[in-house]
Structure formats: structure tokens, C-alpha cells
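Asks: Okay, predicted coordinates and the sequence, questions at the end:
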There are 2 protein chains.
Amino acid sequence: MIARIDLDQRRKDVIEAAFRLLVAEGLSGLSLRKVSAESGLNIGSVRHYFDDHRNLLVAAVTEVGRRMGKRLTRYPADVLAGLTGEPAVEALQVWLEELLPIDEERRVESIVLTEFIVAARVNPIFRPVTEQMAADMRQVITDALRVLEVHDPAEEAERIVAVLGGLVLDSVTPHGSLGVERIRATLRAHLRSVLVATPGADAPPIDD
Amino acid sequence: MIARIDLDQRRKDVIEAAFRLLVAEGLSGLSLRKVSAESGLNIGSVRHYFDDHRNLLVAAVTEVGRRMGKRLTRYPADVLAGLTGEPAVEALQVWLEELLPIDEERRVESIVLTEFIVAARVNPIFRPVTEQMAADMRQVITDALRVLEVHDPAEEAERIVAVLGGLVLDSVTPHGSLGVERIRATLRAHLRSVLVATPGADAPPIDD
DNA sequence: CCGCTGTTGTCACACCTGTGATAGCATTTG
DNA sequence: CAAATGCTATCACAGGTGTGACAACAGCGG
């Protein structure tokens, strides 16, 4: 095979440059010429790897989807088995913090993902990835809650997904500009209310 | 005075056209020429009323901010005084549903607002409005929760804001594509958990 | 009536975009 | 060595954008 240069690595470099541009200027600022400049390559090279503009966008959204998927499945659900009360809260917290912009790496991914999610409303090419992610997220969280024997896991998962989405949006944009500690505290408060207060009608509260 | 035509009405017509365009194509599709076409006016006329592109954008974000502000203060907090349990949930629910995309009018406003909030991350001209809105929202909800004698109103308001933001994002984009009933049910479940279960550490759960 | 003024309508210009086409380079393979 | 192939680098073109400039029109004031 002829592999003068690591093709996959090159593609990842370009996508990384695209991410930086997405953070700095938003999706509408992501032109081929700017990506070329940011990645230090010639526009001809960029077009050699992703021959379309559209293709580059799809590759970028796919990459962020892949990373988020990894984060989603990093902590297996079965480690939660048997946990109740505060340990359960802590375990879920550590896991779900994977999805929040609590450090620079996650912040970039959150921003990029948010841009694509919003763009997907109008541009169908992003939908396969964003819809798949949404479905996976609901599924995985629901499963985790079921393991934790939470009453009505699907509904509680829905709430958690909403909280996560709201926190990301608020912290990533200057809408609310939440600090990292504020995000984590809010998530923890929510998980605590789900796991230790058991607002479900029939089940009595559990104390450890 | 020479008022051949209602200037304010004209401006509102143009902004309405801009909203339709925002819904259909997103913020990046909002060009002067397209707004002109959508509003049925000549581009010269549009530039006569809003002489800048930037100016039109600011007028649009200001308008959506004004409407959301109206919705926020439509139900005064003092009607909540003395309410507990399910009636308190219902009162808050009716009020906060003002902010969710549960009908076409609110859906348009939610979409427009979401576009501007996300754009504000990168474009500072939207920040005054979006930041003011975020602050007002937190303040008003915190006040309402205080009236309802909720434990730690600021933190609970933070959670509610997150839930609202997440629900709007999920229902407005194809990320999760939540239905109207699903949104309302999730909000209600959350309010119920805040108001009737009192997850505060010290107080024991209340059953009615 | 004329003229003032708010409103429309149309140019042209510079800038940026994606893209087709194509030539030149570099390096590996035969 | 020669050839093939992956890669880089440019050119030109059509389309869209905001904007400056300015002419043309409409209706009210005098």
C-alpha cells in the first residue's frame, strides 16, 4: 500500500482545526478556506481529504458523535448495581460529568455538539448523528436508573437529559454563563433529589 | 408630523418576516435580501427602516427579548402565596408553560431565541438581551419559589432554568424531538418533585 | 401650483463562498 | 531509471453578501 502520510491522522488534524474554528466563530464561520488556514494546510489539500464542504461537516459531526458515544459508555451500568443513597449519587455524578463542559476538552466538545444540534434543526445532514446520540443518551441513562431501581426510570431519564442539556446550553453560551462548580452542584442536587428522595408515589424513601 | 405610513408597524412587519426566516433557515440564512423578499418589501425599504444588517439583528433579538419578558411577568408571584402541594404545582406549571414551545406562537419564539442565544456565544451584539433575559428568568423564578417557601430557592431555580432550557432545546431541534405532551409532563414531574417532595437534606418527605 | 420629505427602486462595488479544472511536486514502486 | 500515484498549489468562475450612492416617486405642506 502507498501510505506516504497517515491519512486518518491528517483527517483528524483537519477536523481538530475545524473544531477550533467552530469554537471561535460558530458553524457559519467554518469555511474551507478558514479551515485550511487554521490547519496550516493548503485548501487543495483539505479538499483532497474531504472533497466537499458538506463532507467535511459530516465528518466533523460524526467525530463529535463518536467522542460523545465513548463518554456515554465509558462507565458501565452494572457497577451501579446495589448502590443506594449517597454512593449512588456519587457514582452517577462522576459518570454524567463526562457529558458536561467541566474542563477545556469537554467544553470544546460541548460547544461543537451544541452548534451541530442547533444546526440540525434546519440542515438534515446533521440529523443522523444528533438523533442517534439523543436516543443513546436516553437509553443508557434509563438503563442506569433501572439498575438503581429508580421509580419510573424513563421519566427520570427524561428529566436528567433535560437538566444536562440546559446546563450545557447555559454554561457554553453567555446566556447564563454558569461556572464549573455551579454546574456540578446543580447536577448533584438533581441526582440527589432523584435518588435519595424518591418522589415516586408508592415507594417509601430509602435511607442508608 | 408627516406619517404617511405607520413606521413602527412597518418595522414589526419586517421583524416578523425575519422571524419566519429564522425558523425556516436559521440565523445564517437571514440576509437583507431574503428578509426583503419575505416581507414583500424592496431591499431599499428595509434598509430605510433598519439601515444596517447589524441593526436589523439587534432589533430582532430585542423584540424576542421583549416578548419573553412579557411572558415572564405575565403571572405575578404573589398569587402563589400560601399555595402548597398540588395547587402550587399547577400554578407554577401554568406560568412556566408560557416559556415552553407548546403552541405555534411559542414555538417560533423559542426557536428564534435559541438561535440568538447560541449566536451570542460568538457575536457580542446579542449578549445584552440574552444576558438580561437569563438574569430576569433566574430572579423571577427564585422569587416565586421563595414565596412558595421552597428550601434553597436559588438552587431550585437553577435546576428549573436548566430543565426549561433543556426541554426547549430538545423540542425545538430534532435532537430529541419531544412532543408537547412530553414536555409538559416532564416539567410537571419536575415541579412536583421540587414542591411536594422537599428534597432538602434536613426536612423529611411530605406525603399529602 | 411648487417644493419638501419620507419612501422605493436600482445601480455598482468589494468581499467571501464552494467548486471545477489543472498543473506541478514528491515519493514510492516496478 | 521511468512511471505511477498521492499530494500541494493555483487559477478562474458563478453565486451570494453588505453597503454606498443616487435617481425616481408619492403625498402633504405651503
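Replies: In hand now; what should we look at? Numbers count the residues shown, from 1 in each chain, chains lettered A, B, ... in the order given.
Asks: how many neighbours does residue A:136 have?
Replies: A count of neighbours around residue A:136, defined by other Cβ atoms under 10 Å in any protein chain shown, yields 15. Any C-beta I mention is one placed from the backbone N, CA and C, and that applies to glycine too.
Asks: which stretches of chain A aren't confidently modelled?
Replies: Chain A contains residues with pLDDT under 70 at A:1-5, A:176, A:197-208.
Asks: does residue A:98 really touch residue A:74, like I thought?
Replies: Yes: counting by Cβ atoms under 8 Å, residue A:98 touches residue A:74, with 6.0 Å between them.
Asks: So for these two, which sits in the more crowded spot?
Replies: Neighbour count, other Cβ under 10 Å: between residue A:98 and residue A:74, residue A:98 has more, with 15 against 10.
Asks: OK, contacts around the more buried one?
Replies: Applying Cβ atoms under 8 Å, 6 or more residues apart in numbering or on different chains to residue A:98 gives the contacts A:71-72, A:74-75, A:106.
Asks: Could you look up the SS state of residue A:82?
Replies: Following DSSP: H, G, I helix; E, B strand; the rest coil, we place residue A:82 in the coil state.
Asks: how near is it to residue A:88?
Replies: To residue A:88, residue A:82 is 9 Å away according to Cβ to Cβ, to the nearest Å.
Asks: Correct me if wrong: residue A:169 contacts residue B:172.
Replies: No: using Cβ under 8 Å, residue A:169 is not in contact with residue B:172, being 11.2 Å away.
Asks: can you tell me the helix or strand for residue A:167?
Replies: Secondary-structure assignment from DSSP states H and E places residue A:167 in helix A:153-172.
Asks: Export that helix to CSV, keeping only CA atoms.
Replies: Written as CSV, here are the backbone C-alpha positions of helix A:153-172 (Å, rounded to 0.1, in the frame of the first residue of the first chain):
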residue,chain,number,x,y,z
PRO,A,153,-36.7,5.3,35.0
ALA,A,154,-37.8,6.6,31.6
GLU,A,155,-39.4,9.8,33.0
GLU,A,156,-36.5,10.4,35.4
ALA,A,157,-34.1,9.9,32.5
GLU,A,158,-36.0,12.5,30.5
ARG,A,159,-35.6,15.0,33.3
ILE,A,160,-31.9,14.2,33.7
VAL,A,161,-31.4,14.7,29.9
ALA,A,162,-33.2,18.0,30.1
VAL,A,163,-31.1,19.1,33.1
LEU,A,164,-27.9,18.1,31.3
GLY,A,165,-29.0,19.9,28.1
GLY,A,166,-29.9,23.0,30.0
LEU,A,167,-26.7,23.1,31.9
VAL,A,168,-24.6,22.7,28.8
LEU,A,169,-26.5,25.4,27.0
ASP,A,170,-26.3,27.8,29.9
SER,A,171,-22.6,27.2,30.5
VAL,A,172,-21.5,27.2,26.9
